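A.B. asks: got a predicted structure plus its sequence, pasted below:
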Amino acid sequence: MHLSQILHKIKQIHPDKLPGFEAQVKMSPPLRKKYHAEDIFQYKPKESAVMVLLYEKNDEVYIAFIQRHEYDGAHSGQISLPGGKKDNEDIDLKATAIRETLEEIGITVPRENIISSLTWLYVPPSNFIIYPFVSYLNELPNFVKEEKEVKEILEIRLQDFLNNAHKKKYLYKNEKLGISFESPSYGINGKTIWGATAMILSELIHIIES
């Protein structure tokens, strides 16, 4: 499937008709419940935005990811989409996704290249609401890594996420908190993508396959 076909399919989905949690939950960690905005308001969550950046390379569609450095925090070493916390200077969450994509991977995404939003999701460990946006590039990206936050920039084919053979079980362990559990994940090119990022991708894939 070419990029133009994928973009056309995504554009057809009205924001009110997104598959939402029913698609996200397929790649959700265990015991995760469906959160409603009124339920999480009491926690005063921080707003953030991420960018699902699509582009063609060697006649195939790719998505850009980052792997974070290891640190003493909830998302140490995880693979995620470019993005981060909304700043006071950001006029809206699209601006947050654009700014963070430039800061983390050196790519300027024109605002008009953002074609859709996906369903927001709440991340309890860090008390963030994530708002995903889908965008595209007409040319090959020239990545520039932000050394402080980004350990590695990853380019992964969209087709790999459509292949059920890449769906795995990931055993998460946190000795500090004394917890461990198995979670659905994508295992691709020796990398494990799970949690909120996998849930976002699950909704995107549901749209593409529907």
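C.D. replies: Right, received. Where do you want to start?

A.B. asks: for this protein, what's the longest helix?
C.D. replies: For the chain, the helix that runs over the most residues, judged by DSSP state H, is helix 195-209.

A.B. asks: report the buried residues of it.
C.D. replies: For helix 195-209, a neighbour-count test (16 or more other Cβ atoms under 10 Å) marks 195-208 as buried. (C-beta placed from N, C-alpha, C; glycine too.)

A.B. asks: for it, name the packing helices and strands.
C.D. replies: Applying 3 or more Cβ pairs under 8 Å, 6 or more residues apart in numbering; DSSP states H and E, we find helix 195-209 packed against helix 3-11, helix 21-24, strand 46-57, strand 79-80, strand 121-123, strand 128-136, helix 158-162, strand 179-188.

A.B. asks: what about 7 Å?
C.D. replies: helix 3-11, helix 21-24, strand 121-123, strand 128-136, helix 158-162, strand 179-188 (3 or more Cβ pairs under 7 Å, 6 or more residues apart in numbering; DSSP states H and E).

A.B. asks: buried residues of stretch 131-146, list them for me.
C.D. replies: Judged by neighbour count (16+ other Cβ under 10 Å), stretch 131-146 contains these buried residues: Y131, P132, F133, V134, S135, Y136, L137, P141.

A.B. asks: isn't the fourth one right up against V109?
C.D. replies: No: the pair formed by V134 and V109 falls short of the contact definition of Cβ atoms under 7 Å, at 10.5 Å.

A.B. asks: tell me where the model's unsure across the chain.
C.D. replies: 71-75, 177 (pLDDT under 70).

A.B. asks: mind listing what the residue of it positioned farthest from its centre touches?
C.D. replies: In the chain, the residue that sits farthest from the middle, by Cα atoms, centre = their mean, is G178; the gap is 26.8 Å. Contacts for G178 (Cβ atoms under 7 Å, 6 or more residues apart in numbering) come out as none.

A.B. asks: distance of it from W194?
C.D. replies: For G178, the distance to W194 equals 20 Å [Cβ to Cβ, to the nearest Å].

A.B. asks: and N163, by the same measure?
C.D. replies: Distance, N163 to W194, by Cβ to Cβ: 16 Å.

A.B. asks: more crowded one of these two?
C.D. replies: W194 (21 against 11; other Cβ atoms under 10 Å).
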